[in-house]
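Trainee: Show me the folded form of this:
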Amino acid sequence: MSLITLNQASLAYGHHPLLDQTDFSLEDGERVGLIGRNGTGKSTLLKVLNRREALDSGTIQYQQGLRINYVAQEPLFDTNKTIFEVVSEGLSELLQCIEDYSNGTGDMDELFNRIDTLGGWGWEQKVEQSLEQLRLNGKLTIGTLSGGTLKRVALAQALVCTPQVLLLDEPTNHLDLESIDWLASLLTEFKGSAIVVTHDRSFLDKVTTRIVELDRGRLRSYYGNYSQFRINKEAQLAQESVINAKADKLLAQEEIWIRKGVEARRTRSVARIARLEELRAQRQSRREAVGKVKLSVDTGNRTGKIVSELEHVNLSFGERCIVKDFSSIILRGDKIGLLGPNGAGKTTLLKLILGTLEPDSGNVKFGTQLQIAYFDQMRGALNLDDTLENFISPGSEWIEIGDQRQHVKSYLGDFLFSPARANSPVRSLSGGERNRLLLARLFARPANVLVLDEPTNDLDIETLELLEELLENYKGTVFLVSHDRAFLDNVVTSLIAYEGDSTWREYEGGIQDWLVQSRRSGKSTALASEHKTIQNDQVLPEKGASNIVVSPTANNTLKKKLGYKEQRELDGLPAQIESLETEQKEIANLIEDGSIFNSDPKRAHELLSKSTQIESRLLELLERWEALSTKI
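Mentor: Predicted coordinates:
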């Protein structure tokens, strides 16, 4: 059943069409990932669907009585109100009806029925349930909250009235990894439909049942998650290229024919001339794909082998300890990801490593010839009244990158800013475009150390993938603060992770490696609290080693003989695992070529859901197998 239907929808700002006679429908229970390049109109489309923007032409139809709630990229609230008060505003219609009923204003029967329809008189309980679901303290004041907590407040306000459709614009921005996983679970369990604009590929894979791409004014649907979209998109682009090449060849032949001499003109066909005019019109109206961002960076002078060395560093602000007894050696070429919840102190630790903060105790040594370029997630370097051209190269029309000299307008073109926009103010740019501009300025200066604080916020996926490629090939040192799991996995060589109680620890590899190592480390910590003999034998691990050291005595103490039921369970686990892996392989074979997404979308969705369930069950069985095996 379609909840929202767009038909031949068009919308343009100036001469730039965001929607170009496109169609779209949202079905009940769908979770749609809306993707596209920065500036294509994704946020505008959400506003159209939420009745905040009007179409230039075309129609939009809603199911009768449809409840829609929209969560903006940067939610704005009264900073003096409490969380409870702000979330309660999500029930504004209900509260107004209750007030009118209490004051005897209006038709009492109609008001009573409307109150009953909107959820009755227990509205405080609904707000409390929403706060509990999103782990919020209703007594806190909005002005004291972090960006991540504000996002939770916006979600609580949107969910409190139980909407049928949830529209989310970049919901993962400012959320840490734990919160992103929590949000993915929340949306997966959400009973209504959702449209999500996000660049987070891991999040899209977990949440979506369909990807809709806004490309050159048209909305194109691909059933399945983001990984399946990439397969289908590649095939579609190849097919589109062949079709366009054939059309161009035919047009060229017809243009030659129409320009022939008198003899040819005597035999002209009216129908053929009409076809030529149609081909010309099609070629003119065909909107070519926008070019790709061209990213490059000058690594400047080479640093020494050691960039930074920290020995038993401690740092506190007042009574709050941020870093406790941290030691690490950062080498030239390392690509370090910093991982931890919002407020843990990732930016503070970065400043310690790079020397902009001095520790309370411990030693910090720095390498030679450091040239540091810093990307600020809060965009503090942006002067909104400056022009794009002057922001990139103040007082000059030229920039020098390495041994090459390039005009600033040409350089801006590498980042998809047309020459006509070079003199536009920075404030005219969208969030993603501002991030792209900051990257342009960052890479316009030589740097052998890049510090990127949440660079992925608001960037489109294609630019993200190009940035990944640049960082992978970059010869300098990279410090990366990000909650984008896929981005971290594709870039970093090691992680510095927050482990609670002001403790930071370094792990080799990306997110998946950290999850395995930290899980093992967590088990050893739990064992240590139960068996003091282990604590006496703990040593500091080498870089990259998991922090598990157990003495032979402790091992003998911990080993337990399996009971009869546990032994039976262990014996049966391999067969269960093999059966699930076989079923998972069969599902993969069915959806591999993508044809089922077009022939039977419902069946494809069921198979994807089943595959996800199997993956979760496999992980449970493997962990149980490992737990039982360690007792033998």
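
Trainee: Which strand or helix spans the nearest residue to residue 167 once chain neighbours are set aside?
Mentor: Among residues not flanking residue 167 along the chain, residue 70 sits closest, at 4.4 Å (Cβ to Cβ, 6 or more residues apart in numbering). Placement of C-beta: from N, CA and C, glycine included. Secondary structure from DSSP states H and E places residue 70 in strand 68-71.

Trainee: what's the answer for residue 308, then?
Mentor: Element membership of residue 308, judged by DSSP H and E, is strand 306-317.

Trainee: looking at it, residue 453 is touching residue 347, isn't it?
Mentor: Yes: at 6.4 Å, residue 453 and residue 347 qualify as touching, with contact defined as Cβ atoms under 8 Å.

Trainee: Which neighbours do those two have in common?
Mentor: Residues touching both residue 453 and residue 347 by Cβ atoms under 8 Å, 6 or more residues apart in numbering: residue 481.

Trainee: hang on, the earlier thing: any idea of the pLDDT on the residue nearest to residue 167?
Mentor: Note for residue 70: predicted pLDDT of 92.

Trainee: list the contacts for it?
Mentor: 46, 47, 50, 52, 158, 167, 169.

Trainee: Restricted to helices, list those.
Mentor: 46, 47, 158 (DSSP state H).

Trainee: Closest one to residue 95 out of these, please.
Mentor: residue 158 (16.0 Å; Cβ to Cβ).

Trainee: could you show me where the helices are in the stretch 151-300 of the chain, in order?
Mentor: For the stretch 151-300 of the chain, the helices defined by DSSP state H, counting those that start in this stretch cover 177-189, 201-207, 226-258, 262-266, 270-285.

Trainee: strands paired with the strand holding residue 70, and their directions?
Mentor: strand 165-169 (parallel) (DSSP bridges).

Trainee: C-alpha coordinates for the partner strand, CSV please?
Mentor: Coordinates of each C-alpha in strand 165-169 appear next as CSV, following Å, rounded to 0.1, in the frame of the first residue of the first chain:
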residue,chain,number,x,y,z
VAL,A,165,6.5,7.8,8.2
LEU,A,166,9.8,9.0,9.6
LEU,A,167,12.0,11.3,7.5
LEU,A,168,15.6,11.5,8.8
ASP,A,169,18.2,13.9,7.3
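
Trainee: how far off helix 177-189 does it point, in degrees?
Mentor: Between strand 165-169 and helix 177-189, the angle comes out at 150 degrees (axes from the mean of the first three to the mean of the last three Cα atoms, to 10 degrees).

Trainee: Strand 165-169: which residues count as buried?
Mentor: Buried residues in strand 165-169, counted by 16 or more other Cβ atoms under 10 Å: 165, 166, 167, 168, 169.

Trainee: bridging residues for residue 328?
Mentor: Under the criterion used (DSSP bridges), residue 328 bridges to residue 310.

Trainee: Who are the contact partners of it?
Mentor: Residues near residue 328 by Cβ under 8 Å, 6+ apart: 308, 309, 310, 353, 496, 506.

Trainee: Local confidence estimate at it?
Mentor: pLDDT, read off for residue 328, is 92.

Trainee: Look up how far residue 311 lies from it.
Mentor: Remark: distance between residue 328 and residue 311 (Cβ to Cβ, to the nearest Å) = 9 Å.

Trainee: Same check on residue 367?
Mentor: Residue 367 is 15 Å from residue 311, where distance means Cβ to Cβ.

Trainee: who's more crowded, the two?
Mentor: residue 367 (18 against 14; other Cβ atoms under 10 Å).

Trainee: is it true that that one touches residue 329?
Mentor: No: if you go by Cβ under 8 Å, residue 367 and residue 329 don't touch, sitting 10.5 Å apart.

Trainee: picking up where we left off before, would you point out the most distant pair within the buried residues of strand 165-169?
Mentor: Largest separation among the buried residues of strand 165-169 by Cβ to Cβ: 165 and 169, giving 13.7 Å.

Trainee: I'd like the contacts of residue 70 as a markdown table, with distance to residue 489 and pLDDT appended.
Mentor: Converted to a markdown table, the contacts of residue 70 look like this (distance: Cβ to Cβ, whole Å; pLDDT from 0 to 100):
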| residue | distance to residue 489 | pLDDT |
| --- | --- | --- |
| 46 | 29 | 93 |
| 47 | 33 | 92 |
| 50 | 34 | 92 |
| 52 | 36 | 90 |
| 158 | 30 | 89 |
| 167 | 29 | 95 |
| 169 | 25 | 91 |
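
Trainee: Just the buried subset of those residues, please.
Mentor: Burial by neighbour count, judged by 16+ other Cβ under 10 Å, picks out 46, 47, 50, 158, 167, 169 from the contacts of residue 70.

Trainee: Pick out the most distant pair among these.
Mentor: Longest span within the buried ones among the contacts of residue 70, Cβ to Cβ: 47 and 158, 14.7 Å.
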